[in-house]
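> what's the 3D shape of this:
(2 chains)
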Amino acid sequence: MIELIIIFIKTAVVFGVVLAHVAYTTYAERKIIGRAQARMGPMEVGPYGLLQPIADFIKIFFKEDIVPMNAEKVLFQIAPLIVLVFTMINLTVIPFDRNFILADLNIGLLFILASASVAVYGIILAGWSSNSRYSFLGGLRSASQVLSYEIALGLSLAGVVLSAGSLNLREIVIAQHNTVFGVYAIPQIIGFIVFVISAFAETNRAPFDLPEAETELVAGYLTEYSAFRYALFFLAEYVAMYIMAFLCALCFLGGWTIPKFIIDILPFLEKVPGILWFAIKVYAFIFLYIWVRATLPRYRFDQLLNIGWKVLIPAGIVNLLIVAFIKRLGL
Amino acid sequence: MGQLEIEKLSETKFVLQMGPHHPATHGVLKLYTEFEGERVLKIVPDVGYLHRGIEKLAESKTYPSAMTLTDRLDYISSMTNNIGYCLAVERLMGIEPPPRAKYIRTMVAELTRLSSHLLWLATHALDIGAMTVFLYAFREREQILELFEKICGARLTVSYPRIGGVRVDIKEKVLEEISKFTEIMLNRIDEYEGLLTENRIWISRTKGVGVVSSEEALSLGLTGPALRGSGVYYDIRKLIPYDAYSEVDFEVPLGENGDTYDRYLCRIREMKQSALIIRQCIEKMPEGEIIAEQTIDIDIPHQGKRKISAGDSLWSGFIKFVDEKAELIPPGEIYSAIEAPKGELGFYIVSDGSGRPYRMRVRAPSFVHISAIPKLCEGHLLADVIAIIGTLDIVMGEADR
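The predicted structure is shown next:
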């Protein structure tokens, strides 16, 4: 009974903290892009616009939930839920610290990849059920984009799995900590780059934000959505960003640990709680997301697929081969 | 597009009615498009959503008051529209503005070119997804609009030039500010180039997109940077110089391949040239009158024709009644064109001597450019259509009139 309550509290804490982060990531995004673009970002609600996410939430929650007349109503209504549920569920297998994990699955990494694929169904259904041409195109684009990039993403992570010898995220981090560099990003630099690019595409973020390319497809699969259903998509997108940031931190940057050679030089760093290192790595990745969005134009759809199939997948395979050789030679 | 035609389409085609309300159609352009997957099969532009009957309205106004209508043609570069119109009427009347007015006009026309190109760059980059350039460009455009406000009090629909000159003189202080602004502008153009010119994504999105050869461009009637991007040397400022363009030194940037990237480079280089022209104008600007002696301001109230001659009477409003049948403007017809930021802006005016244009026809570059969209979009993808609309620099106010 006590255990159940503890699990319940832990779940509430994780989901609460992540949702609060999502809310303030939107704020951070607007502020950072604002600075990049020589303007202020939100300033009106609260000091320095700090209450803006709350105001946005209240506004969007009280808006009318419009379902288009010709839409496939049931699918239209559950599509955002599918996306959100299968994105949020990934949070359960993320180890935030040495001993802080909701479900210590043996196949944690596989679980994340699998549920990310299911989440795409939500987007495809949203695009199709809206019965709008822009939504339809957005849904199609999203389907082919996520399918193509999932392979590259999987290949880059396969290198990690091979080196660590486990699909359990916690064991990956521990195995990583025991290597010379302490992070997989250095020996598997190709895999790391492939992962970062695929992560951008996988979460439909700039420069691969084609499914919702506002200037071509109005808002892609989101075109017909309004009020809290729109907010659910939005939430899912940001949670997905965080999931990718978590994965990057865990699989390539050493999770809650810092490399041993750094501890040898600066021993006091060992006393810093692991969750802090984890947070720093995640925030850095989120910042990268925002920075890229402020800087780069958008790829065209065929170019996007070309990069996926002709560059990233071969690079992922090369990375996997290198890792396999290293592993075989016992280096 | 009629209902029948849509029904006839086979099932493999994906019909998309883009616009008139679409974020990337620059106003109210509507494109009827057929896709196969995302590849364009057919594209038919549909214009007229912003028709306000400007040409017809001009017939009921006197020559000076019809000028305010030209502001609303290409509302992004109202100054050049005014100048084009004034020039046509001046040529019809056979008067010439004084040198200072010529220099002022050249200067404000180039400022307008800068502001128009900035808006083009902003929206073009935004269409391709580079969000930051959009806000950078608007920052500088705001400065230009503020300069316009200091020059004549209006920001957007300026109506600053007058038939035979300009409305008010520019103060020395404002000239200094403009001169300072050109320096800022030249630096900022480098900043935009840093974000785009060598950006791999930008290049892959624009190189080889919307290619139009020089012959095709000529036969489609493209003008301005859209034509020069294909390497055709056609710039009215050089070929038929008006105002002070014959007295300033500038280059006409030309492209080679006639694709979106070359047109982008053309416009960027043109912006630099514009900044240099503005500087030269300020340096060489002579003192003197700002409006020609022979200028008339016509007012036709119910009592009869009145004629106000220029100079002091313009200010104090002395009115001289003239004979009912007197000819205020020599009868005849004229086509006069200038190099507007978007291309050749021509005014064809027929005068019957009544003081009102008998017919005014505007040759608007945007309208001609829209007709080139199907040709440029041949075999391209949906995302390229957006880039092509952007590269042609279309303003619907001018196309629909």
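
> so for stretch B:276-294, what gets flagged as buried?
In terms of neighbour count (16 or more other CB atoms under 10 Å in any protein chain shown), stretch B:276-294 has its buried residues at B:Leu276, B:Ile277, B:Ile278, B:Arg279, B:Gln280, B:Cys281, B:Ile282, B:Met285, B:Glu289, B:Ile290, B:Ile291, B:Ala292. All C-beta spots, glycine's among them, are computed from the backbone N, C-alpha and C.

> how about the residue of chain B found nearest chain A, nearest residue that isn't a chain neighbour?
The minimum distance from chain B to chain A, using CB to the nearest CB, falls at B:Gly129 (2.7 Å). Leaving aside its chain neighbours, B:Gly129 sits nearest to A:Arg298 (2.7 Å; criterion: CB to CB, 6 or more residues apart in numbering or on different chains).

> if I pick that neighbour, what's in contact with it?
A:Ala206, A:Pro207, A:Phe208, A:Asp209, A:Leu210, A:Ala213, B:Ile128, B:Gly129, B:Ala130, B:Ile201, B:Arg205, B:Ala383 (CB atoms under 8 Å, 6 or more residues apart in numbering or on different chains).

> now, which of those lie within helices?
B:Ile128, B:Ile201, B:Arg205, B:Ala383 (DSSP state H).

> neighbour-wise, which of the residues you listed leads?
With neighbours defined as other CB atoms under 10 Å in any protein chain shown, the most crowded of those is B:Ile128; it has 31 neighbours.

> I'd assumed B:Ser204 was in contact with that one.
No. Proximity of B:Ile128 to B:Ser204 does not meet the contact threshold set by CB atoms under 8 Å, at 10.3 Å.

> what's the neighbour count on the residue of chain B closest to chain A?
27.

> that one contacts A:Thr295, correct?
No. Between B:Gly129 and A:Thr295 there is no contact under CB under 8 Å: 10.4 Å.

> nearest residue to B:Tyr160 other than its sequence neighbours?
In space, B:Tyr160 is closest to B:Cys152, 4.1 Å off (CB to CB, 6+ apart).

> and the one you found, what does it touch?
Counted by CB under 8 Å, 6+ apart, B:Cys152 has contacts B:Val158, B:Ser159, B:Tyr160, B:Arg167, B:Val168.

> low-scoring pLDDT stretches of chain B, where are they?
For chain B, the stretches flagged by pLDDT under 70 are B:1-12, B:296-328.

> quick revisit: farthest-apart pair in the ones in helices among the contacts of A:Arg298, please.
Farthest apart among the ones in helices among the contacts of A:Arg298 by CB to CB are B:Ile201 and B:Ala383. That separation is 11.9 Å.

> so the closest residue to chain B within the stretch 201-331 of chain A: helix, strand or coil?
Nearest to chain B, among the residues of the stretch 201-331 of chain A, is A:Arg298, at 2.7 Å (CB to the nearest CB). Secondary structure state of A:Arg298, per DSSP: H, G, I helix; E, B strand; the rest coil, is coil.

> any idea how far the helix or strand harbouring A:Gly16 is from the chain center?
According to DSSP states H and E, A:Gly16 maps onto helix A:2-36. With CA atoms, centre = their mean, to the nearest Å as the basis, helix A:2-36 stands 13 Å off its chain's centre.

> flag every buried residue along whichever helix or strand comes after it.
Once the chain leaves helix A:2-36, the next helix or strand it forms, by DSSP H and E, is helix A:52-61. Across helix A:52-61, burial judged by 16+ other CB under 10 Å covers A:Gln52, A:Pro53, A:Asp56, A:Ile60.

> around chain A, pick out the residues from the stretch 201-350 of chain B.
B:Ile201, B:Trp202, B:Ser204, B:Arg205 (CB under 8 Å from any CB of the partner chain).

> before we move on, what about the stretch 51-200 of chain B?
Neighbours of chain A within the stretch 51-200 of chain B, by CB under 8 Å from any CB: B:125-132, B:134-136, B:139, B:195-196, B:199.

> any stretches of the stretch 201-331 of chain A with poor pLDDT?
Low-confidence segments of the stretch 201-331 of chain A, defined by pLDDT under 70: A:211-216, A:331.

> 90 instead, please
Regions of the stretch 201-331 of chain A meeting the criterion pLDDT under 90 cover residues A:201-244, A:246-283, A:285, A:288-331.

> so which bits of it are right by chain B?
Those residues of the stretch 201-331 of chain A that sit near chain B, judged by CB under 8 Å from any CB, are A:206-207, A:209-210, A:213-216, A:218, A:293-303.

> now the residue nearest to B:Tyr160: phi and psi?
Main-chain torsions, B:Cys152, degrees, to the nearest 10: phi -130, psi 0.

> could you check the distance from it over to B:Thr295?
Relative to B:Thr295, B:Cys152 is positioned 17 Å away (CB to CB, to the nearest Å).

> what's the neighbour count on residue 122?
In the absence of a named chain, chain A is used. A:Gly122: 26 neighbours (other CB under 10 Å).

> let me rephrase: I mean chain B.
Neighbour count of B:Ala122, defined by other CB under 10 Å: 22.

> one more: the one 5 residues further on?
Taking other CB under 10 Å as the neighbour definition, B:Asp127 ends up with a count of 28.

> got a list of what it touches?
Counting by CB under 8 Å, 6+ apart, B:Asp127 makes contact with A:Thr215, B:Ala24, B:Ile386, B:Ala387, B:Ile389, B:Gly390.

> ok, the residues you listed vs B:Lys173, which is closest?
B:Gly390 (37.2 Å).

> Three-state assignment for the closest residue to the closest one other than its chain neighbours, please.
Sequence neighbours aside, B:His124 is the residue nearest to B:Gly390 in space, at 3.7 Å (criterion: CB to CB, 6+ apart). State at B:His124, reduced to three classes by three-state DSSP: helix.

> OK, contacts around residue 164?
Picked chain A for this. For A:Ala164, the contacting residues are A:Glu171, A:Ile172, A:Ala175, A:Gln176, A:Tyr184, by CB under 8 Å, 6+ apart.

> you looked at the wrong chain, it should be chain B
B:Cys86, B:Glu90, B:Met93, B:Ile95, B:Glu96, B:Pro97, B:Ala101, B:Ile291, B:Ala292, B:Gln294, B:Thr295, B:Ala310.

> buried ones only from those residues, please, as a ChimeraX command.
Remark: buried members of these, expressed as a ChimeraX selection using 16+ other CB under 10 Å:
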select /B:86,90,93,95,97,101,291,292,295,310
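
> who touches whatever helix or strand B:Tyr358 lives in?
According to DSSP H and E, B:Tyr358 maps onto strand B:357-363. With CB under 8 Å, 6+ apart as the test, strand B:357-363 has contacts from B:54-55, B:58-59, B:61, B:63, B:66, B:70, B:73, B:335, B:337, B:344-352, B:398, B:401.

> where strands are concerned, which of the residues you listed count?
Within the contacts of strand B:357-363, residues falling in strands by DSSP state E are B:Tyr335, B:Ala337, B:Glu344, B:Leu345, B:Gly346, B:Phe347, B:Tyr348, B:Ile349, B:Val350, B:Ser351.

> nearest residue to the second one other than its sequence neighbours?
Closest residue to B:Ala337 apart from its sequence neighbours, by CB to CB, 6+ apart: B:Gly346 at 3.8 Å.

> quick one on the thing from earlier: now the residue nearest to B:Gly390: how far from B:Ser230?
17 Å.

> what's the burial count for the residue nearest to B:Asp384 when sequence neighbours are not counted?
Excluding the flanking residues, the one nearest B:Asp384 by CB to CB, 6+ apart is B:Val209, at 5.0 Å. Around B:Val209 there are 23 other residues, counting by other CB under 10 Å.
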